[in-house]
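> One predicted model, sequence on top.
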There are 2 protein chains.
Amino acid sequence: MGNDSEAGLATFVYDEVVRIPDARSSNQSDPREGSELPAQRASLADVARLADVSPITVSRALRNPERVRADKRHRIQLAVEQTGYSINPYASALKSGRSNIVLAFASNMLSEQFSLALQACAEVLEKAGFLFLVGQTSYSYERETAAIRSLHAMKPAAVMFTGVIELQANREILRGLNIPIMETWALPKDPIDMLVGFSNTEAGQLAAEVLFKKGHRKVAYIGRRSGRGALRLQGFRQRCAALGMKLVGEVLVNEVTGLSKGRACLSAIIENQAELDAVFCSNDVLALGCLIEARRLGISVPTDLGILGFGESDIAAEIPPGLTTIGIDSARLGRDAGEMLIARLSGETVEQKLRRLDLVVNDRGSV
Amino acid sequence: MGNDSEAGLATFVYDEVVRIPDARSSNQSDPREGSELPAQRASLADVARLADVSPITVSRALRNPERVRADKRHRIQLAVEQTGYSINPYASALKSGRSNIVLAFASNMLSEQFSLALQACAEVLEKAGFLFLVGQTSYSYERETAAIRSLHAMKPAAVMFTGVIELQANREILRGLNIPIMETWALPKDPIDMLVGFSNTEAGQLAAEVLFKKGHRKVAYIGRRSGRGALRLQGFRQRCAALGMKLVGEVLVNEVTGLSKGRACLSAIIENQAELDAVFCSNDVLALGCLIEARRLGISVPTDLGILGFGESDIAAEIPPGLTTIGIDSARLGRDAGEMLIARLSGETVEQKLRRLDLVVNDRGSV
DNA sequence: AATGATTTTGATAACGTTGTCATTGACAGC
DNA sequence: GCTGTCAATGACAACGTTATCAAAATCATT
């Protein structure tokens, strides 16, 4: 509580965290007794006894209310409230082989893009009564495989990935689960099941076009060596060639560890290549690193050097001169994915299994 | 596949995502048959039959191998591999009332700090065989309550929060679950159960001291009005007074929506208060906004204005002149929390239930 | 060799739900 | 009134595991 005697280092201080009392008990000393904390969780049987019906009828009343007559339904409703009953998801899942959990696996929990998408997806699915939980695969096949194994055991209602599954073995396992699988963030020819994505190859092509239109003719690529980065590079190369732009350098990294990586990449390419109009960075963290390094080197952006990023980084927009990026609406991706999963899970017949998102160019002055 | 005929907009492009074949099948056309995809999941009984023991012995061999004789253990091991058995977590949870899921709830999945902590915690717990899943509460009591209700049903092995639980009713529910509960990010006097935290009040005090030592005498606070922000403000006020520093302004926000919020806050305080040496921002996003706005206004940092942040933002370190921050090691917090949970879950007797993290000052030149 | 202590194993009965099928009752058509 | 149809309800038996307790096998001790 910080009663400071002198102005030295602070002594041990507890936070005085606010405690908010229960609205009910503070309201007017509720005279009902006992109902506060059911020592033992109520089961279907308890509810059934109270409502004077059979357990199975309670189960039905909760899952398909329209199949139970109104009067019993009301009695059951009442009994549920009185007992504070909530379904035991384990028993339910054991018997039915289904659960209301939707599992999402992010390759990286630290990515702003993925977080945006997952947040949006969570909102949609939770509103529909699903429990949306996120695990991580850390861009590692091993972890991905472990995660998918655990899926095999959990049999969630659906699974979502921030990316596409590359390992054939894992693809087979997922197919065998017979639940909706949602892949994202790319546009593979043969998705496992459902997909909300965009073409990374096209993103690379679009990047080349944007740089070309702004008058750049000697360009370089900075990005990840594998996965989606490789796809963007491929498109970039292709369109550079088609437009007659010279691709004077490719800096390929294995892992994006932070801003300093982008700084190092820009330094590297500038040392080796004097003739350079612009760079395309296949993600915003790298682009931001370049932007910062350019300023440190006294290179004026975009006059001396154009920098084009990929993503929709909040911060990138704000740092002068503002990073121009190609990207998608990540939140939209998550929302769409969530809605498509819900449609599928509610057994609707018209199933749209694939959705393609458009790429957008956010012009903020850095190219 | 992007076969470009002309240089207009790209035609429909599929990504050529790499497909990686199963190592086994590509290795040397494995002649074993059938073992690829067990049509029906194997159960304990199947394994038991194959190993010629009883199901319960299999169960024991998997959970407490030392309680089963070596020869049977080997037979069982073999049978498990042959059948591809994996435990059915629902059946296990139903019978035992336990599960190997550790659930974490983040108030905000977009926070870099929280993500760092959760990532680190995930690593530790997954190594120990737990499934670490993250849900979100969105800084909303309603969502927090819903999440805690679902806990009541799931009975995970343990629960963790990026923060402390304020609602008395929810605290009671959590206590009633009889599982390890981990609160973080603050230092309340009466934690529910376990805690890895630091004093936010002290952080505010430390902020005042840092600014004082750098020669600032007229300071302001920018930060959230509630929760931990309020605690930091409290400490800041206190120590400012003790040191004879003048607190010339407090800008209180309800929600940190992005960098622009920080920019607006700085503008607001500068308009209303000409005499200002330095500001303490209770989070890095706000501080970064201030830094950017200061540059836009032609205010030189730290000569004209000192800016002190709270957190450990990667980006904040890189943007000239580099944001000085007070913070903790978020990854360390997550790791510690994970390790303490593991110790508790493995039934060790010496239980350290509380841990206090030290605050660190990252001096990068902005004060 | 007999006794007791200890380790190792198994039989049985749940955990709480839901799928399956059977039963009851209500109502229309003959 | 009798039959057939359909809606509403219930009885029963699982789902795959583990807790409990009892039995069997092993080992150490006298």
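Thanks, I have the structure now. Numbering: from 1, shown residues only, chains lettered A, B, ... in the order given.
> which residue is nearest the centroid of chain A?
Centrality entry for chain A: nearest residue to the mean C-alpha point is residue A:118, 2.9 Å, by CA atoms, centre = their mean.
> Assign it to helix, strand or coil.
helix (DSSP: H, G, I helix; E, B strand; the rest coil).
> That one touches residue A:108, doesn't it?
No - Residue A:118 is not in contact with residue A:108 according to CB atoms under 8 Å; the separation is 11.1 Å. Bear in mind the C-beta positions are built from the backbone N, C-alpha and C, glycine included.
> Can you pull the residues that touch both of these two?
residue A:162 (CB atoms under 8 Å, 6 or more residues apart in numbering or on different chains).
> which residues are contacting the one helix or strand residue A:105 maps to?
Residue A:105 is part of strand A:101-106 when elements are defined by DSSP states H and E. Residues from elsewhere that reach strand A:101-106, judged by CB under 8 Å, 6+ apart: A:89, A:114-115, A:118, A:121, A:125, A:130-137, A:144, A:147, A:151, A:154, A:156-162, A:341, B:133.
> Just to be sure, residue A:274 is in a strand?
No - counting by three-state DSSP, residue A:274 is not part of a strand but coil.
> Contact partners for it?
Counted by CB under 8 Å, 6+ apart, residue A:274 has zero contacts.
> which secondary element of chain A has the worst mean pLDDT?
helix A:23-28 (a mean of 43; mean pLDDT, DSSP states H and E).
> Give the helix, strand or coil label for the nearest residue to residue A:117 once chain neighbours are set aside.
Closest residue to residue A:117 apart from its sequence neighbours, by CB to CB, 6 or more residues apart in numbering or on different chains: residue A:334 at 3.6 Å. Secondary structure, three-state DSSP: residue A:334 is helix.
> what's the distance between residue A:83 and residue B:156?
To residue B:156, residue A:83 is 23 Å away according to CB to CB, to the nearest Å.
> Give me the more crowded residue out of those two.
Comparing residue A:83 with residue B:156 by other CB atoms under 10 Å in any protein chain shown, the one with more neighbours is residue B:156, at 23 against 18.
> Does the more buried one lie in a helix or a strand, and which?
With DSSP H and E as the test, residue B:156 turns up in no helix or strand.
> my read: it touches residue B:181, true?
No - taking CB under 8 Å as the definition, residue B:156 is not a contact partner of residue B:181, at 10.5 Å.
> Let me see the ranges of the helices in the stretch 151-300 of chain A.
A:168-177, A:200-213, A:227-243, A:259-272, A:284-296 (DSSP state H, counting those that start in this stretch).
> And the second one, what's buried?
Which is helix A:200-213. Across helix A:200-213, burial judged by 16 or more other CB atoms under 10 Å in any protein chain shown covers A:200-212.
> ok, of those residues, which one's closest to residue A:252?
residue A:204 (13.6 Å; CB to CB).
> if I pick that closest one, what's in contact with it?
A:231-239, A:280, A:282.
> For the residues you listed, which entry has the maximal number of neighbours?
Result: residue A:280 is most packed of these (other CB under 10 Å), 31 neighbours.
> ok, it touching residue A:308?
Yes - using CB under 8 Å, residue A:280 is in contact with residue A:308, at 4.8 Å.
> quick one: common contacting residues for these two?
Joint contacts of residue A:280 and residue A:308 (CB under 8 Å, 6+ apart) are A:207, A:211.
> Who are the contact partners of residue A:55?
A:44-45, A:47-48.
> Next, count neighbours for residue A:249.
For residue A:249, using other CB under 10 Å, the count is 19.
> so what pLDDT did it get?
Model confidence at residue A:249, given as pLDDT, is 91.
> since we're on the nearest residue in space to it that is not next to it in sequence, how many residues are nearby?
Computed as CB to CB, 6+ apart, the closest residue to residue A:249 that is not its neighbour in sequence is residue A:220, at 3.8 Å. The number of residues packed near residue A:220 is 24, by other CB under 10 Å.
> so residue A:220 makes contact with residue A:272?
No - counting by CB under 8 Å, residue A:220 sits too far from residue A:272 to count as a contact (9.7 Å).
> between the two, what contacts are shared?
Shared contacts of residue A:220 and residue A:272, counting by CB under 8 Å, 6+ apart, come down to residue A:249.
> and residue A:70, what is it in contact with?
Contacts of residue A:70 (CB under 8 Å, 6+ apart): none.
> Can you read off the pLDDT for it?
90.
> And for the one 5 residues further on?
Per-residue confidence at residue A:75 stands at 93 (pLDDT).
> near DNA strand D, which residues of chain A show up?
A:53-54, A:56-57, A:60, A:66-69, A:72, A:91, A:94-95 (CB under 7 Å from any atom of the strand).
> hmm, which two among those residues are most spread apart?
Across the residues of chain A next to DNA strand D (CB to CB), the longest gap, 29.0 Å, separates A:69 and A:94.
> So for these two, which residue has more residues nearby?
Between residue A:69 and residue A:94, counted using other CB under 10 Å, residue A:94 has the larger neighbour count: 18 against 9.
> so that one makes contact with residue B:89?
No - here residue A:94 does not reach residue B:89: they are 9.4 Å apart, not a contact under CB under 8 Å.
> Stretch A:61-77 near DNA strand C at all?
Yes - interface with DNA strand C: stretch A:61-77 contributes A:62-63 (CB under 7 Å from any atom of the strand).
> residues of that stretch that come out buried?
A:61-62, A:68, A:72-73, A:75-76.
> Looking at these, which is nearest chain B?
residue A:62 (13.1 Å; CB to the nearest CB).
> Verify the contact between that closest one and residue A:87 for me.
Yes - using CB under 8 Å, residue A:62 is in contact with residue A:87, at 7.1 Å.
> Which pLDDT value goes with the residue in the stretch 251-367 of chain A positioned nearest to DNA strand D?
Proximity of the stretch 251-367 of chain A to DNA strand D (CB to the nearest atom of the strand) peaks at residue A:347, 19.0 Å away. pLDDT for residue A:347: 71.
> if I look at the residue lying closest to residue A:235 once chain neighbours are set aside, how far off is residue A:242?
Distances taken as CB to CB, 6+ apart place residue A:204 nearest to residue A:235, at 2.8 Å, with adjacent residues excluded. For residue A:204, the distance to residue A:242 (CB to CB) stands at 12 Å.
> Then residue A:101?
47 Å.
> Please list all residues in contact with the residue of the stretch 101-250 of chain A found nearest DNA strand D.
The nearest approach of the stretch 101-250 of chain A to DNA strand D comes at residue A:153, 8.7 Å away (CB to the nearest atom of the strand). If you count contacts by CB under 8 Å, 6+ apart, residue A:153 has them with B:86-89.
> Of these, grab the buried ones for PyMOL.
In PyMOL, the members of those classed as buried (16+ other CB under 10 Å) are selected with the following command:
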select buried, chain B and resi 88+89
